[in-house]
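Novice: Just a sequence and a predicted model for now, questions to come.
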Amino acid sequence: MDQGVQALKRVGAKDSMNLGDRICLPISVKEFPDDKQEEGHCSEEEVKFIRSLVLYKDPAIVVINKPPGLPVQGGIGIKRSLDELAATCLSYGFSEPPRLVHRLDRDCSGILVMGRTQTSATVLHSLFREKTFGASDDVIDHAKAILQRRYWALVIGSPRQQEGLISVPLGKVVVDNGKSDRITIVNKAQCLPSQHAITKYKVIGSSCPGFTWLELIPLTGRKHQLRVHCAEVLGTPIVGDYKYGWRTHKDWKPVAWSKIESHSNEERSKRKNIPFDLNMDSGSIAEKNLRLHLHSKQMVLPNVSLALQNVKLHAECDLSGLESLELVAPMPSYMQKSWDITNSGFDG
């Protein structure tokens, strides 16, 4: 390589720029937007659907029950994402669009919080960031935490203990000749960058042989943390997680279930015509093609809106004394069906 030519390196959102730095974009990024495309346009039916997902709304935040299969953020190959749709459908007359303050995997469902103003978004983002970077090896008292998140997951198999604490470092490895990556447990012998990840878990149901319902409480917020902890630490991959539980799913056979579902033709038609090609029904353990059974079920967080009305709130202020909001999101219908099957027995 010529001395005057510097090697390119991939950068992230956290990297800072210096005077004279240059950014190279892939050829897939257009210099000018296509005027023919109405960016952010939604039909009346699409707006109605997105607004039907809203669980809670006040002047500071809007909370939705994210459907599985809808990506939170845009990217290459993604046509519609929640951050774009929220700007169109969930502004409710505000001059600012709702802002993301945390993430959920594309195939994960459940509670997603967005800030409706820059001030509330900054405070909430700081709260979620503190949750991610402030955890240590010490056992954290979840009952006293100002931000509490509880997920429900259906896993294949059963943990050795009914409840416990998982505390292991996670790191990213590149696979498929650099085409993709995955998160894995990092031990001391490996020379890989890692971040500590802590999860509390508890069995909440195991009446159906071969399956267990877990309540998962992430005390840190690492990428794919819950999925890797279930698959690689507990040895019980989440149902529908082909990325981290592909060996278990290789010989998958649907669970026989004789119960007849009583839905009218009108109900079936409505469910089939959900916008954005989303399917909320298929994917239960009674079917061949599984969906990810991981759902953000419950969240407790400070009432930022109430605080903003009374005090000048900023990102570094103490939120521990604020009144809390308790949010609960119902599971998508395919997970509810799996819940019904595992709690009523099945025909084998």
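Specialist: Cool, the structure landed.

Novice: Output the below-cut-off pLDDT ranges for the stretch 51-200 of the chain.
Specialist: Within the stretch 51-200 of the chain, the stretches with pLDDT under 70 are 130-144, 178, 189-191.

Novice: let's see 80
Specialist: Within the stretch 51-200 of the chain, the ranges that satisfy pLDDT under 80 run 130-145, 176-179, 188-192.

Novice: Which parts of it are helices?
Specialist: Per DSSP state H, counting those that start in this stretch, the stretch 51-200 of the chain carries helices over the ranges 82-89, 118-133.

Novice: With mean neighbour count and distance to R149 as extra columns, can I get those helices in JSON lines?
Specialist: Just so you know, the C-beta spots here come from the backbone N, C-alpha and C atoms, and that holds for glycine as well. Listed next are the helices of the stretch 51-200 of the chain as JSON lines, based on neighbours: other C-beta atoms under 10 Å; distance: least, C-beta to C-beta, whole Å:
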{"stretch": "helix 82-89", "mean neighbour count": "20", "distance to R149": "18"}
{"stretch": "helix 118-133", "mean neighbour count": "18", "distance to R149": "8"}
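
Novice: and P302, what does it touch?
Specialist: When the contact criterion is C-beta atoms under 8 Å, 6 or more residues apart in numbering, the partners of P302 are L127, I146, L147, L319, L322, E323, S324, L325.

Novice: Out of these, which end up buried?
Specialist: Taking 16 or more other C-beta atoms under 10 Å as the criterion, what is buried in those is L127, I146, L147, L319, L322, L325.

Novice: ok so, going back, what would the helices of the stretch 51-200 of the chain look like in TSV with distance to I183?
Specialist: Formatted as TSV, those follow (distance: least, C-beta to C-beta, whole Å):
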stretch	distance to I183
helix 82-89	22
helix 118-133	14
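
Novice: Out of these, flag the one nearest H293.
Specialist: helix 82-89 (20.5 Å; C-beta to C-beta).

Novice: Quick check, G245 in contact with G157.
Specialist: No. When contacts are counted by C-beta atoms under 8 Å, G245 is not listed as touching G157 (9.8 Å).

Novice: ok, E46 - how many residues close by?
Specialist: Applying other C-beta atoms under 10 Å, we find 17 residues neighbouring E46.

Novice: Mind checking what secondary structure it has?
Specialist: Counting by DSSP: H, G, I helix; E, B strand; the rest coil, the backbone at E46 sits in helix.

Novice: Strands along this structure, start to end?
Specialist: Secondary structure of the chain (DSSP state E): strands located at 54-57, 61-66, 99-100, 109-115, 148-156, 163-175, 180-185, 195-205, 211-218, 294-302, 324-328.

Novice: Could you identify which of those strands is most buried?
Specialist: When the strands of the chain are scored by mean count of other C-beta atoms under 10 Å, the highest mean neighbour count falls to strand 109-115 (a mean of 25).

Novice: overlap in contacts of G245 and G157?
Specialist: P237.

Novice: Tabulate the strands of the chain (a markdown table), appending distance to H224.
Specialist: Shown next, in a markdown table, are the strands of the chain (distance: least, C-beta to C-beta, whole Å):
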| stretch | distance to H224 |
| --- | --- |
| strand 54-57 | 24 |
| strand 61-66 | 16 |
| strand 99-100 | 18 |
| strand 109-115 | 16 |
| strand 148-156 | 13 |
| strand 163-175 | 8 |
| strand 180-185 | 4 |
| strand 195-205 | 9 |
| strand 211-218 | 11 |
| strand 294-302 | 10 |
| strand 324-328 | 23 |
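
Novice: per-residue confidence averaged over stretch 20-39?
Specialist: Regarding stretch 20-39, the rounded mean pLDDT is 60.

Novice: Give me the phi and psi for the residue lying closest to L82 once chain neighbours are set aside.
Specialist: In space, and not counting its chain neighbours, L82 is closest to V72: 4.9 Å by C-beta to C-beta, 6 or more residues apart in numbering. Note on V72: its backbone torsions stand at phi -80, psi -40 [degrees, to the nearest 10].

Novice: What are the contacting residues of stretch 78-98?
Specialist: Contacts for stretch 78-98 (C-beta under 8 Å, 6+ apart): 39-42, 46-47, 50-51, 54, 57, 62, 64, 66, 70-75, 99-100, 112, 114-118, 276.

Novice: for the most centrally placed residue in the chain, what are its contacts?
Specialist: For the chain, the residue nearest the mean C-alpha position is L104 (1.7 Å; C-alpha atoms, centre = their mean). Listed by C-beta under 8 Å, 6+ apart, the contact set of L104 reads K66, V72, G110, L112, S296.

Novice: Now with 10 Å, please.
Specialist: By C-beta atoms under 10 Å, 6 or more residues apart in numbering, the residues touching L104 are 66, 68, 70-72, 82, 110-112, 151, 294-296.

Novice: same deal with Y334?
Specialist: By C-beta under 10 Å, 6+ apart, the contact set of Y334 is 68, 109, 240, 279-287, 290-293.
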